[in-house]
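> need a 3D model of the sequence below.
(2 chains)
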Amino acid sequence: MSNGAERMRRELMIRVVRDFTEGKLEETIDRIPLAIRPKHSQSSRCCIYHDRAVLKYRLMALLGFASENETDETRTLKSYLQEAVARKEKVKEPPLSVCSAGCSSCPDSRYNVTTNCRGCFARPCVFNCPKGAITVENQHSKIDYTKCIKCGKCEQVCPFNAIIKTTVPCEDACPVGAIRKNADGVAEIDFDRCIFCGKCFNKCPFSAIMERSQLIQILQAIRDGKKVVAMVAPSALMQFPGTVEQLFSAIHKAGFSDVMEVALGAELTTEHEAAEFAEKMIAKQPIMTTSCCTAYVELVKRHVPEFLDKVSTTPSPMRYAGRLVREKHPDAISVFIGPCIAKRLEAMNSDEIDFVMTFEELGALLAGMNIDIMSQEKWKIERPANATARNYAKSCGVTEAVILEMQEKNPEFSKIGFKLDNKFINGIDKKTAKLLKLYAMGKLPGNFLEVMSCTGGCVGGPCSLIK
Amino acid sequence: MEEQKIKIEICCGTACYMLGAAELLRLENIIPDQWKDAVDISAIPCLEACSSDNLGGAPFVKINGELMSNASVESVCEKIFEIMKTRGGH
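Numbers count the residues shown, from 1 in each chain, chains lettered A, B, ... in the order given. Purely as a prediction, here's the structure:
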């Protein structure tokens, strides 16, 4: 297990699915926080009561509700569950939520001089500070925070490692400055700036940032006997025990009427992306950039709007897969299963997709239903997607697919001396977000730019099982 | 006579897998080279140890038939070491 926050999140999901499947969640849900933190047990926070309060909000998010919208603190989880079960329509609200009870209100990020400081003779901190913010008093360096610009040079040059940085992990992880502390010191997400990349969700050591799940709506649709079709993202390969064919059988056993590879949608994305690229190049557009990563498209929309006309208009593999499901099963509910939070946002605005579930939630669903993947029969995949399409899960997968497609479908391009000059950004952070501004200004080379929000591509997604 | 290998069975039921067994599968690559011939590591289907109210105990591992709860790379290695010591010589 990489950390306790991740473990607790998964354990709660499994408990919820298990009790829902056994038909007793309404009775048990308000007791879950007490069952996990019984009297006299060890607490992870200041006391078991604080732990229980956070667990309650965590369960609320799992039912699909944001703790920010809570108006009545005495409202039971049972009542939220009843509302979730009755929900039939798509919820069109931001898929992330900050639990104020969980947020530790981390002190502002800044550089501190510790007692390791020996007030040395060389004083490299003083000499290297570009703003003259460091002085030495009583043989101890002191930072003037009205001058400090947090460049970190002092930390790098101190021979005694005496200068350290206190960090606010969520703020530091956010590539676009969308998460800030409010007047009460509690983290708050500005949803006009947020690109739903999930980096804060992964980095908060108090696990205060939560996704608003659609798990209950999916489980209820299955219980109601509706046709529910699972579309599994290509990044699922290697994420679960057993083979992909066994995983598909397990999903079918959980109650999904059909299981499909999202990579089939990726094949269509490749075809259209290559055609669009050829068209744009003929029209003398200097550069085209990919559109399959939702967090990246949101980044452009919200922070580099001047680059938006260079983003390809080709639908993502998820949306094409959704269309394939609609053609094959017009009466079915389509569920995208992937490692991504941003896809929840894309799905909200796409008619082809009804719900989104993460790999963590899928794992919990199977665990909660006692479905063992390794003991399943092999599912007969009607038409396996091609390898280049399955490769979309990795950084540069899209580029490779488009290059191949260009060679096959548009050989005349190379004949006239045209070259696809690909560039890529593997993981969005504060620096690469700035780099995009330069691309937008046309200051950087390349005519095909692939950007993936997660390092390594979708396989490094915030809700993947193995990182 | 050659000593029997220490049998490590990692439960890869979905719950255990989600709650830590995925990492335990790396054991094979992590354990010291000199142990490699002495242990036999395998991934096995659900042991059904996590049912009832014992989810908090996942992941489960069986070492020479003995069930271990909350198994981690460290705790499994410790156990291997213990068994080797009782056998004398490693």
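> in contact with A:Phe424: list those residues for me.
Contact analysis of A:Phe424 by C-beta atoms under 8 Å, 6 or more residues apart in numbering or on different chains lists A:Ser395, A:Cys396, A:Thr399, A:Leu449, A:Glu450, A:Val451, A:Met452. C-betas here are computed from N, CA, C, even on glycine.
> adjacent strands (with direction) for the strand or helix carrying it?
Using DSSP states H and E, A:Phe424 sits in strand A:422-426. Sheet pairing here is set by DSSP bridges, and for strand A:422-426 it gives strand A:448-452 (parallel).
> and the strand it pairs with, average pLDDT?
Here strand A:448-452 scores 97 as its mean pLDDT.
> can you give me how far stretch A:340-353 is from the chain middle?
Chain-centre distance of stretch A:340-353: 12 Å, with C-alpha atoms, centre = their mean, to the nearest Å.
> next, the buried residues of that stretch.
Residues of stretch A:340-353 classed as buried by neighbour count (16 or more other C-beta atoms under 10 Å in any protein chain shown): A:Cys340, A:Ile341, A:Ala342, A:Lys343, A:Arg344, A:Leu345, A:Glu346, A:Ala347, A:Ser350, A:Glu352, A:Ile353.
> now stretch A:177-189
Residues of stretch A:177-189 classed as buried: A:Ala178, A:Ile179, A:Lys181, A:Val186, A:Ala187, A:Glu188, A:Ile189 (neighbour count, 16+ other C-beta under 10 Å).
> can I get stretch B:60-76 in CSV, CA atoms only?
Presented in CSV, the C-alpha positions along stretch B:60-76 are these (Å, rounded to 0.1, in the frame of the first residue of the first chain):
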residue,chain,number,x,y,z
PHE,B,60,-3.6,-11.9,3.5
VAL,B,61,-0.6,-14.1,2.8
LYS,B,62,-0.1,-17.8,3.6
ILE,B,63,3.4,-18.7,4.6
ASN,B,64,3.9,-22.4,4.8
GLY,B,65,0.2,-22.7,5.3
GLU,B,66,0.0,-20.2,8.1
LEU,B,67,-2.3,-17.2,7.5
MET,B,68,-0.8,-13.8,8.0
SER,B,69,-3.0,-10.7,8.0
ASN,B,70,-2.0,-7.1,7.1
ALA,B,71,0.9,-8.5,5.2
SER,B,72,3.5,-6.1,3.9
VAL,B,73,6.8,-6.6,2.1
GLU,B,74,8.6,-6.0,5.4
SER,B,75,6.5,-8.4,7.5
VAL,B,76,6.7,-11.2,5.0
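> can I get the contacts of A:Phe424 in TSV with neighbour count?
As requested, the contacts of A:Phe424 are exported to TSV (neighbours: other C-beta atoms under 10 Å in any protein chain shown):
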residue	neighbour count
A:Ser395	21
A:Cys396	16
A:Thr399	18
A:Leu449	22
A:Glu450	23
A:Val451	27
A:Met452	28
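> now for those residues: which two are most distant?
A:Ser395 and A:Leu449 (12.7 Å; C-beta to C-beta).
> in contact with A:Asp51, which residues?
Taking C-beta under 8 Å, 6+ apart, we find A:Asp51 in contact with A:Pro33, A:Ile36, A:Arg37, A:Ser43, A:Ser44, A:Arg45.
> switch the cut-off to 10 Å
A:Met8, A:Pro33, A:Ile36, A:Arg37, A:Ser41, A:Gln42, A:Ser43, A:Ser44, A:Arg45, A:Ala101, A:Gly102 (C-beta atoms under 10 Å, 6 or more residues apart in numbering or on different chains).
> cool, A:Glu89 as well?
Neighbour list for A:Glu89: A:Gln217, A:Asp354 [criterion: C-beta under 10 Å, 6+ apart].
> against chain B, how distant is it?
Distance of A:Glu89 to chain B, given as C-beta to the nearest C-beta, to the nearest Å: 30 Å.
> burial count for A:Leu436?
A:Leu436 has 22 neighbours, counted by other C-beta atoms under 10 Å in any protein chain shown.
> just B:Leu55 next, same as before
Other residues close to B:Leu55 by other C-beta under 10 Å number 22.
> isn't it up against B:Ala15?
Yes - between B:Leu55 and B:Ala15 there is a contact under C-beta atoms under 10 Å: 6.5 Å.
> next, the buried residues of the helix or strand of chain B with the lowest mean pLDDT.
The least trusted helix or strand in chain B, going by mean pLDDT, DSSP states H and E, turns out to be helix B:27-30, with a mean of 86. For helix B:27-30, the neighbour count (16+ other C-beta under 10 Å) marks B:Leu27 as buried.
> which bits of the stretch 301-450 of chain A sit near chain B?
Proximity of the stretch 301-450 of chain A to chain B, by C-beta under 10 Å from any C-beta of the partner chain, involves residues A:359-360, A:362-376.
> give me that answer again for 6 Å
Proximity of the stretch 301-450 of chain A to chain B, by C-beta under 6 Å from any C-beta of the partner chain, involves residues A:Gly363, A:Leu366, A:Ala367, A:Asp372, A:Ile373, A:Met374, A:Ser375.
> I figured the second one hits A:Ser249, correct?
No - counting by C-beta atoms under 6 Å, A:Leu366 stays clear of A:Ser249, with 10.7 Å between them.
> quick one: which of these two has more around it?
For A:Leu366 versus A:Ser249, neighbours defined as other C-beta under 10 Å are more numerous around A:Leu366 (26 against 21).
> helices or strands next to the lengthiest helix in chain A in the packing?
Secondary structure of chain A per DSSP state H: the longest helix is helix A:263-282. Packing partners of helix A:263-282 (3 or more C-beta pairs under 6 Å, 6 or more residues apart in numbering or on different chains; DSSP states H and E): helix A:317-328, helix A:387-390, helix A:397-409.
> enumerate the positions of the shortest one that are buried.
Meaning helix A:387-390. Those would be A:Thr388, A:Ala389, A:Arg390, for helix A:387-390 by 16+ other C-beta under 10 Å.
> for burial, what's the neighbour tally of residue 31?
Went with chain A since none was named. A:Arg31 is flanked by 11 other residues according to other C-beta under 10 Å.
> oops, chain B please
18.
> the helix ranked longest in chain B close to chain A?
Looking across chain B with DSSP H, the single longest helix is helix B:73-87. No - using C-beta under 6 Å from any C-beta, helix B:73-87 stays clear of chain A, with a minimum separation of 10.2 Å.
> buried set for that helix?
Counting neighbours by 16+ other C-beta under 10 Å, one finds that the buried residues in helix B:73-87 are B:Val76, B:Cys77, B:Lys79, B:Ile80, B:Ile83, B:Met84.
> how about low-confidence regions in chain A?
Within chain A, the stretches with pLDDT under 70 are A:1-2, A:414, A:416-417.
> how is it carved up into domains?
Split into domains by automatic domain parsing, chain A comes to A:4-105+A:180-212, A:110-166, A:219-460.
> and the helices in the stretch 51-200 of chain A, which stretches?
Remark: helices assigned in the stretch 51-200 of chain A by DSSP state H, counting those that start in this stretch are A:77-86, A:124-128, A:153-157, A:169-173, A:199-203.
> where does chain B come near chain A, residue by residue?
Counting by C-beta under 6 Å from any C-beta, chain B comes close to chain A at B:Cys12, B:Gly13, B:Thr14, B:Ala15, B:Tyr17, B:Met18, B:Gly20, B:Ala22, B:Pro45, B:Cys46.
> buried ones among those?
In terms of neighbour count (16+ other C-beta under 10 Å), the buried residues within those are B:Cys12, B:Gly13, B:Thr14, B:Ala15, B:Tyr17, B:Met18, B:Gly20, B:Ala22, B:Cys46.
> same list (those residues) but as a markdown table, adding pLDDT, distance to A:Ala230 and secondary structure.
Listed next are those as a markdown table, based on pLDDT from 0 to 100; distance: C-beta to C-beta, whole Å; DSSP: H, G, I helix; E, B strand; the rest coil:
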| residue | pLDDT | distance to A:Ala230 | secondary structure |
| --- | --- | --- | --- |
| B:Cys12 | 92 | 21 | coil |
| B:Gly13 | 92 | 20 | coil |
| B:Thr14 | 92 | 15 | helix |
| B:Ala15 | 92 | 20 | helix |
| B:Tyr17 | 93 | 19 | helix |
| B:Met18 | 92 | 18 | helix |
| B:Gly20 | 92 | 25 | helix |
| B:Ala22 | 90 | 21 | helix |
| B:Cys46 | 90 | 21 | coil |
